[in-house]
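1. 3D model of this:
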Amino acid sequence: MIHIANPEIGEEELSCVKDVFESGMLAQGEVVKKFEDEFAEYLGAGYGKAVSNGTAALDVALKSLGIGKGDEVITSPFSFIASSNCILFQGAKPVFSDIKEDTFNLDPELVLEKIDDDTKAILAVHLFGQPADMGAFKEIAEDHDLYLIEDCAQAHGAEYDGKKVGTIGDVGTFSFYPTKNMTTGEGGMVVTDDEEIARRADLVRDHGQSEKYTHDMLGYNLRMTNIAAAIGRCQLSNLDKWNDKRIRNAEKLTESLKDIPGLTPPYVSDGVKHVFHQYVLRVEDDYPSSREELMDRLREDGVGTAVHYPMPITDQPLYAEKGYSSSDHPRTVDASKRVMSLPIHPSVSEDDIEMMIESLEV
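-> Numbering: from 1, shown residues only. Here you go, the predicted model:
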């Protein structure tokens, strides 16, 4: 079976973790600090603050910006639910805007229509590894005095106009879940160039402590362990190599798929580096079988597949009960009915790609 995801964990990671165990310092310490500094340097960011997971990174980022009750944050209905739940955590209101049909990312023109007096921020998701239109969002945020937050959970190493995502807005967040382009097992990172945002993030993740047993604000225990950071340091050193393999695999798949009617391969915007956390194609009406029938056939042939995401966030029970609806997001609804992910990770070989193409051809 060609699995939809396959974490790249080897002897290097095992050796780094062994060193942490032998040191006796398992909790947040010097290894975490080194990982934070190395990750921030890799991105070109001023500060990195490691946390326990990607959802925590989003929560800490919004708290560090002072997002709170009565504030509105515009974001995408086509994403993992953490992208909007982090807004609810603040007592703020998520405002959903529809996506672009080609990239599946937020459409800046539609976001403009959602801005009102209560809007405090735009939370742009770099979905599936493709950067959102950050030039447009940066201009909108500056014109309307809004914070710009980047959800980079699926976009480690992706670039917009030569600049790595996470460094374009006021604050960026990353997830290091095992299926991501790099992992720490579980973990996340908040990155920013703003010293005050970084200071507040440091407080929020560690009980509000400015120094030992001095608590300046209400905070949480959202720290990363040295164990996780040790894995992350090893993974970071291989990230560009792995991303290059993902991109090459994507190019091979796309080259073959363009000759198969009814399947639309991923679109890549001009001026971006798409790092293909997922390879997401659309199954159109003129394909001879339904998406579900195609997925069943692929699984029978030994190819793992997934749907990211089968339901708009606005249709999730949590949000439906709050009065949200997908009726204002036709592109998101259409995408949720058509998208399908194929394996794209670095372990996918040329033979694997040939197998996938043979299964897709009818």
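2. ok now do L253, which residues does it touch?
-> When contacts are counted by Cβ atoms under 8 Å, 6 or more residues apart in numbering, L253 touches 265, 279, 342, 344, 353, 356-357. Any C-beta I mention is one placed from the backbone N, CA and C, and that applies to glycine too.
3. Please apply the same query to M224.
-> Contact analysis of M224 by Cβ under 8 Å, 6+ apart lists 28, 32, 35, 50-52, 184, 187-188.
4. could you point out which element follows the host helix or strand of D244?
-> Using DSSP states H and E, D244 maps to helix 226-257. With elements assigned by DSSP H and E, the helix or strand that comes after helix 226-257 is strand 263-264.
5. Spell out which residues make up each domain of this protein.
-> What the record gives for the chain is the domain set 11-234, 240-360, from automatic domain parsing.
6. element containing the residue lying closest to D37 once chain neighbours are set aside, please.
-> Excluding its sequence neighbours, the residue lying closest to D37 (Cβ to Cβ, 6 or more residues apart in numbering) is G48, at 6.8 Å. Per DSSP H and E, G48 falls inside strand 47-51.
7. Tell me which strands that strand pairs with, and in which orientation.
-> Neighbouring strands of strand 47-51 in its sheet, by DSSP bridges, are strand 188-192 (antiparallel).
8. Work out for me the element the closest residue in space to V272 that isn't next to it in sequence sits within.
-> Closest residue to V272 apart from its sequence neighbours, by Cβ to Cβ, 6+ apart: P131 at 4.7 Å. For P131, there is no enclosing helix or strand under DSSP H and E.
9. how close does P131 sit to E11?
-> From P131 across to E11, the span is 33 Å (Cβ to Cβ, to the nearest Å).
10. can you check K114 too?
-> K114 is 49 Å from E11, by Cβ to Cβ.
11. So for P131 and E11, which residue has more residues nearby?
-> Applying other Cβ atoms under 10 Å to P131 and E11 shows that P131 carries more neighbours, namely 29 against 8.
12. tell me the contacts of the more buried one?
-> Applying Cβ under 8 Å, 6+ apart to P131 gives the contacts 105, 155, 158-160, 165, 269, 272-274.
13. on that earlier part again, report pLDDT for the residue nearest to D37.
-> The model reports G48 with a pLDDT of 98.
14. Thought V191 was touching it, still the case?
-> Yes - at 5.1 Å, G48 counts as touching V191 under the criterion of Cβ atoms under 8 Å.
15. what residues do these two have in common as contacts?
-> 39-40.
16. out of those two, which sits in the busier spot?
-> Using other Cβ under 10 Å as the criterion, G48 and V191 rank with V191 on top: 31 against 25.
17. For the more buried one, name its beta-bridge partners.
-> G48, G172.
18. returning to that earlier point: any idea which of the contacts of L253 has the most stuff around it?
-> Ranking the contacts of L253 using other Cβ under 10 Å puts L342 first, with 29 neighbours.
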